[in-house]
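Peer 1: the following block contains a protein sequence and its predicted model.
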Amino acid sequence: MRAIHYAVINEISCLQTTPQTILDVGCGNGEFTQVVSDKYRGSDITAIDTSIPRFFSLDHIAFIKGSAEQLPFDSESFDLVITVLSLHHWREKEKGISEIYRVLKKDGRLIIADPLLEEWMSNRILGALMQVLDGGIFTDKKRVSEYLNMAGFNDISIRLIPNTMKSLYLITAKK
C-alpha cells in the first residue's frame, strides 16, 4: 500500500464507530476496495467506477458501473464514502460532491484522498504538466472547500498527507 492508502485506512480507524455501509467512489481496479473490505469485514461495501464493465460481486464487495456525478443509490444509504485518487478525474466535481452528500446518512463521513494544486503543484507549468501526465484536472483547497460547503458538509478538514512529495491531500467532511 502507498502512503495515501495508509492515510485513508488510518482516518477510517479514527472514526467513533465502525461504518456499517461504505461506498468507494472511483474505485478503479478495486485493489484498495479489497484492502478496506479485509480491514472492515463486518461492513457492507459498494464500489463504483466508470471503468467497471458490468455489475458483479467479489469478496463481500458489490462492484457497479457508474460515475460520481450520478450515483445510482437511494438517499442516505451509506455511513462512509471514500474516494481515493479519483476526484481529479470527475468531469463535474461540484455535482459529484453533491451526490455524495445525498447518499450519505445523517452524520455520515466523507474521506477524499487526491492531489491538489498546492505547494509545488500550484506552479502553473508544473501543475499543468502533472495534469497532462495523469489525464485528470486537479483543483485546489479553496475550490474543494467551496464544493463541500455548497453541498452542505461541515467539519471540513484538508491536510497534506506526509511522505507524498507534498502533492497528496486528505480531505474529510461530515454530513
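Peer 2: In hand now; what should we look at? Everything numeric here is computed off the predicted structure, so don't read it as measured data.
Peer 1: mind listing the strands for this structure?
Peer 2: Ranges of strands in the chain, per DSSP state E, are 21-25, 44-49, 56-58, 61-65, 78-84, 104-115, 154-160, 168-174.
Peer 1: for the fourth one, packing partners?
Peer 2: Using 3 or more CB pairs under 8 Å, 6 or more residues apart in numbering; DSSP states H and E as the contact criterion, the elements in contact with strand 61-65 are helix 31-39, strand 44-49. Quick note: C-beta positions are derived from backbone N, CA and C, even for glycine.
Peer 1: quick check: buried residues in that strand?
Peer 2: Judged by neighbour count using 16 or more other CB atoms under 10 Å, the buried positions of strand 61-65 are 61, 63, 64.
Peer 1: ok, that strand: who's next to it in the sheet?
Peer 2: Using DSSP bridges, the strands paired with strand 61-65 are strand 44-49 (parallel), strand 56-58 (antiparallel).
Peer 1: so which of these comes closest to residue 73?
Peer 2: strand 44-49 (7.6 Å; CB to CB).
Peer 1: what angle separates the closest one from strand 78-84?
Peer 2: Angle of strand 44-49 versus strand 78-84, following axes from the mean of the first three to the mean of the last three CA atoms, to 10 degrees, is 40 degrees.
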